[in-house]
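Novice: Provide a 3D model corresponding to the input given below.
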Amino acid sequence: MSVKRGLVAAAGAIAVAAAVAAGFVAWQTPGGPARVGDGIGMTDNISTNGNSTDPFTPIPDQNLPALRDSSLKVEKVVEGLSAPTSMVFIGNDIMITQKNDGNVRLVIDGSLQRDSSLTFDVESASERGLLGVAYADDKVFFFLTESGNFDTRNRVYRYDLQDGELLNKAMILDLPGTPGPMHHGGKIGIGPDGNLYAVIGDLNRDGMLQNYPNGPAPDDTSVILKVDFEGRPAANTLSGNDMLASYYAYGIRNSFGMDFDPQTGMLWATENGPDAYDELNVVEPGFNSGWERVMGPISRTSAREGDLVIFDGAHYADPAFSWRQRVAVTDIEFLNSTALGGYSYNVFVGDFNNGSLYYFEVNDERDGLVLEGALSDLVADNDNELSAITLGTGFGGITDIETGPDGNLYVLSYRGAIYRIMPAR
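Specialist: As a prediction, the model looks like this:
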């Protein structure tokens with residue numbers, strides 16, 4: 001296996017105590033602090049040679065998810081989590097966020113550590129909570145909802161990872177959290193350009209960013225933000241309003257998933273419809289997804305592009321794919337690996353309502369999907385069409401999907417487990 005940089009050393013036990021209150025947390029063994037080094041970024045290429053040591057021991061389970069490809073198998077490799085929302089690999093180890101209790105959990109040497117490595121005081125009603133985590137360049141980022149001073153806010157905090165410790169806690173984004181309590185988004189990731197991308201939903205607001213021309217001015221809702229590691233605007237795509245400098249995309253009802261195509265660097269994202277037309281979108285700079293005027297293909301609505309709020313530098317585009325029946329799509333992952341053969345560099349999408357894993361082949365231009373027959377209209381209109389794109393079932397509410405350092409696919413389930421999809425050989 002080769003990655004850009006790996007984990008320097010693993011920890012045997014975790015000590016936090018007063019370190020959390022002081023704004024940092026250290027992983028420690030009885031002999032002193034362990035060192036946690038750089039892991040895998042969203043755009044790192046992964047190759048496998050079969051010589052690496054597998055840190056995981058499969059956990060027996062008589063009710064494993066089912067896959068429709070006999071060349072693959074699924075294993076449970078982690079259990080005991082509570083309402084997990086996001087995960088990120090740091091070397092061979094995994095950092096996981098838990099929505100309701102605000103705990104950050106670690107999987108070290110294949111084992112879930114008993115104690116939390118860090119706990120945030122979160123507001124967890126409905127879709128609020130500890131929602132996202134990202135890692136790059138010795139920095140860890142968390143997206144969470146907090147309440148205080150009679151207000152509820154969504155915030156992104158940055159920690160420096162130095163000599164095995166999380167130091168120098170800094171808030172880099174302070175975003176609205178009301179009225180909510182739904183549609184907070186919360187996924188974050190590092191782009192191939194080295195910037196931080198964060199998605200936040202509409203919070204049930206009706207403004208210009210939700211395509212109401214006479215609505216309130218832009219207010220950091222329904223957007224994908226692109227900022228540097230200090231939180232400074234880095235999108236610089238839209239013009240006409242001072243608030244637009246950090247907006248990479250807008251018109252987004254809510255999203256639980258983003259990923260970058262490892263071959264082109266293009267951002268793709270999922271979006272949740274109200275009662276129909278969940279979406280998978282190719283998100284070019286300045287993308288207006290159309291909410292609250294459009295969900296699904298615009299041709300299936302009464303709206304026209306002229307009904308949308310189009311800022312200077314913005315554009316509307318139809319989804320790359322839509323689900324006519326609401327499934328609550330969540331994360332998207334390009335398998336950035338050759339370990340699963342023909343699945344390499346193609347798209348996996350999870351859902352929450354059914355616990356299903358969908359698979360799509362990307363076209364040669366890598367700007368859309370290869371779909372034929374009844375799916376050539378880019379919409380799954382019924383159960384038969386839904387079945388045609390379903391690779392796996394029974395995952396129990398998928399919240400994150402990641403390519404692991406071994407090149408296999410890892411699926412995080414809200415019911416408290418991580419599953420690994422790998423060759424059946």
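Novice: My understanding was that Thr85 contacts Leu131; is that so?
Specialist: Yes: in this structure, Thr85 is within contact of Leu131 by C-beta atoms under 8 Å, at 5.2 Å. Every C-beta, even on glycine, is put in place using the N, C-alpha and C of the backbone.
Novice: for stretch 151-171, which positions count as buried?
Specialist: When neighbours are counted by 16 or more other C-beta atoms under 10 Å, the buried residues of stretch 151-171 are found to be 152-161, 164-166, 169.
Novice: likewise stretch 207-226?
Specialist: Buried residues in stretch 207-226, counted by 16+ other C-beta under 10 Å: 207-211, 215, 218-226.
Novice: Show me the shaky parts of the stretch 101-250 of the chain.
Specialist: For the stretch 101-250 of the chain, the stretches flagged by pLDDT under 70 are 164.
Novice: What segments of the stretch 251-400 of the chain are helices?
Specialist: Remark: helices of the stretch 251-400 of the chain, listed N- to C-terminal, are 383-388; assignment by DSSP state H, counting those that start in this stretch.
Novice: swap that for the stretch 1-150 of the chain, please
Specialist: In order along the chain, the stretch 1-150 of the chain carries the following helices (DSSP H, counting those that start in this stretch): 18-21.
Novice: Strands of that one, residue ranges please.
Specialist: Ranges of strands within the stretch 1-150 of the chain are 13-15, 25-29, 32-33, 66-67, 72-79, 84-90, 93-98, 103-108, 111-112, 118-119, 130-136, 139-148, based on DSSP state E, counting those that start in this stretch.
Novice: and Pro176, which of those strands is closest to it?
Specialist: Nearest to Pro176 among the strands of the stretch 1-150 of the chain is strand 139-148; the distance by C-beta to C-beta comes to 10.5 Å.
Novice: Tell me the spatial nearest neighbour of Gly186, not counting adjacent residues.
Specialist: Counting by C-beta to C-beta, 6 or more residues apart in numbering, Gly186 lies nearest to Leu131, which is 2.6 Å off, once chain neighbours are set aside.
Novice: So what's the residue count around the one you found?
Specialist: Using other C-beta atoms under 10 Å, Leu131 is surrounded by 27 other residues.
Novice: Same list, the strands of the stretch 1-150 of the chain, but as TSV with distance to Asp318 please.
Specialist: As requested, these are arranged in TSV below (distance: least, C-beta to C-beta, whole Å):
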stretch	distance to Asp318
strand 13-15	47
strand 25-29	44
strand 32-33	51
strand 66-67	30
strand 72-79	31
strand 84-90	28
strand 93-98	32
strand 103-108	38
strand 111-112	42
strand 118-119	41
strand 130-136	27
strand 139-148	28
